[in-house]
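Q: next one to model:
(one chain, ligands or ions: 1)
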Amino acid sequence: MSFESLGLEPRLLSGVESMGYTQPTPIQRDAIPHILAGKDVVGVAQTGTGKTAAFTLPMLQRTPTRRGVRTLVVTPTRELALQIAEVTRDASRHTGHRSAVVFGGVGLGPQIDRLRRGVDVVIACPGRLLDLVSRRAIDLSNVETLVLDEADRMLDMGFWPDVRRILDLLPRNRQNLLFSATMSREVLKVVESTLHDPVYVEASPPTKPIERIKQSVYPVCRTQKTDLLVELLRDADHTRTLVFTRTKHRADRLSRQLTRKGVRSEAIHGDRSQGQRQRALEAFKAGRSSVLVATDVVARGIDIDEISHVVNYDMPNTTEDYVHRIGRTARAGADGNAISFMSAEELETLTAIERALGSTLACEDLAGFAYAERTVPDPERTAQPAGRGGHAGARSGGGGNGNGTGKRNGRRGGRGRTRR
Ligand code: AMP
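A: Here you go, the predicted structure:
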């Protein structure tokens, strides 16, 4: 299957070629022909599936040039807006389309100037877009194609009232494309109220992680998570590690702790300015820092190839977040590793995620790290040479009874894995 056979024009195919894509991903294969045919489309797809190009390529083909803003993409975060803008720029290298990206947290002036010079496609976060509308810096009355990207996240983040206001500014007769990682009842309501007779395309079942990712769990005492991370980072395989924490505060604290221990790291989260986030991302991409600590919201838009490891320093609350997080590794055809630290308090969360995934994650441990500071070595196991764990289903060091002294599946850990 080639991009050509999907009905894309030569000028867009040249863009595709310069982006280095040779074959469409499943969501691109399924969505592009319908979008080109002018249908409303609902795409159930996570980041990492190629969904950005799945809507960007056909939407550009349908967007006339030099006739004002004809295509509007609304997306929840600045990072996603920048990622879409980059794909749009690359794809339109030979088409003459002009695009602008607008989001808050940076000065209005340059965005207003850009819009004044004339654009065909606008990629926007909702709040800043409404701000620009109220300043009469943008006219949305000629929009022919609307893309709502990461609709579930926009609902979660409370952007829906803003999005509704934006919808009221658009012509009623238009093409609507909605992409969402999950199809909750709320998203379905939006689909029913906004789209006309949509075609549904699905990248892959949203709760199934990519098969190329090696997933494992380290049961560990809550207070030893940072030391365990530092120990794991000594492994030369950890070339670029993205670490997730539950809160912004924990992200900052962990990044500081890592720096004190000699690990070059940066933290990004919603309280950081756009400039700080971009600098942190660039340092990570360029290899100046080997660890990026992030929270879930900002991580949605992170598009960095060659992340060797994703570490869940704190377990995510939902399976969707788990899948999103681990999907940051194993991108662009590479293999990847996802490691989850699980303290006794997080056992239930892990069990719920495993149930949703339909599989038990392999359990590993390092000597000296377990649920409780005092771990009893397993006499059957200590005689074995040090090596990777991987005894699926067993959680070493106890747990399950919430006080760090119990067992899961009747096994005890403390199995010595040493590393130089
Ligand atoms: P997305 O799901 O839009 O976040 O895309 C995830 C990653 O897949 C990005 O790094 C894209 O550059 C890459 N990608 C998208 N489409 C293709 C394709 N057809 N072939 C190879 N890589 C792709």
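Q: three-state assignment of V217?
A: Assigned with DSSP: H, G, I helix; E, B strand; the rest coil, V217 falls in the strand class.
Q: I'd assumed E346 was in contact with it.
A: No: with contact defined as Cβ atoms under 8 Å, V217 does not reach E346; the gap is 9.6 Å. (Glycine included, C-beta is placed from N, CA and C.)
Q: ok, these two, which is more surrounded?
A: Set side by side, V217 and E346 show more neighbours around V217, with 28 against 22, by other Cβ atoms under 10 Å.
Q: quick check, pLDDT for that one.
A: pLDDT, the model's per-residue confidence, is 95 for V217.
Q: contacts only, for it.
A: Applying Cβ atoms under 8 Å, 6 or more residues apart in numbering, we find V217 in contact with I339, S340, F341, M342, L350, L361, A362, C363, E364, R395.
Q: bridging residues for it?
A: The residues listed as beta-bridge partners of V217 by DSSP bridges are S340, C363.
Q: do you know how far it is from the ligand?
A: If you measure V217 against the ligand using Cβ to the nearest ligand atom, to the nearest Å, the figure is 26 Å.
Q: please apply the same query to P10.
A: 17 Å.
Q: what's the neighbour count on that residue?
A: For P10, the count of nearby residues is 9 (other Cβ under 10 Å).
Q: now do it, the pLDDT please.
A: Looking at P10, its pLDDT stands at 96.
Q: picking up where we left off before, show me which of the contacts of V217 is closest to I138.
A: Ranking the contacts of V217 by separation from I138, with Cβ to Cβ as the measure, puts S340 on top at 43.4 Å.
Q: residues near that closest one, how many?
A: In terms of burial, S340 registers 26 neighbours under the definition other Cβ under 10 Å.
Q: do the same with R256
A: R256 has 13 neighbouring residues, counting by other Cβ under 10 Å.
Q: hey, where'd the strands end up in this structure?
A: 41-44, 71-74, 99-102, 121-124, 145-148, 175-180, 199-202, 213-219, 241-244, 265-268, 291-294, 309-312, 336-342, 362-363 (DSSP state E).
Q: what strands line up against the third one, and which way round?
A: Sheet partners assigned to strand 99-102 using DSSP bridges are listed as strand 121-124 (parallel).
Q: for the second one, same thing?
A: Paired neighbours of strand 71-74 in the sheet (DSSP bridges): strand 121-124 (parallel), strand 145-148 (parallel).
Q: and of the ones you listed, who's closest to the ligand?
A: Evaluated over the strands paired with strand 71-74, closeness to the ligand peaks at strand 145-148, with 12.2 Å, by Cβ to the nearest ligand atom.
Q: before we move on, back to that, of the contacts of V217, which is the most crowded?
A: Ranked by neighbours (other Cβ under 10 Å), the contacts of V217 are led by R395, which has 29 neighbours.
Q: got a pLDDT number for the residue in the stretch 51-200 of the chain that the ligand sits nearest to?
A: With Cβ to the nearest ligand atom as the measure, the residue in the stretch 51-200 of the chain that lies nearest the ligand is T52; the distance is 3.1 Å. The predicted local distance difference test score for T52 is 96.
Q: my guess is it contacts A85. True?
A: No: applying Cβ under 8 Å as the test, T52 and A85 come out as separate, 10.0 Å apart.
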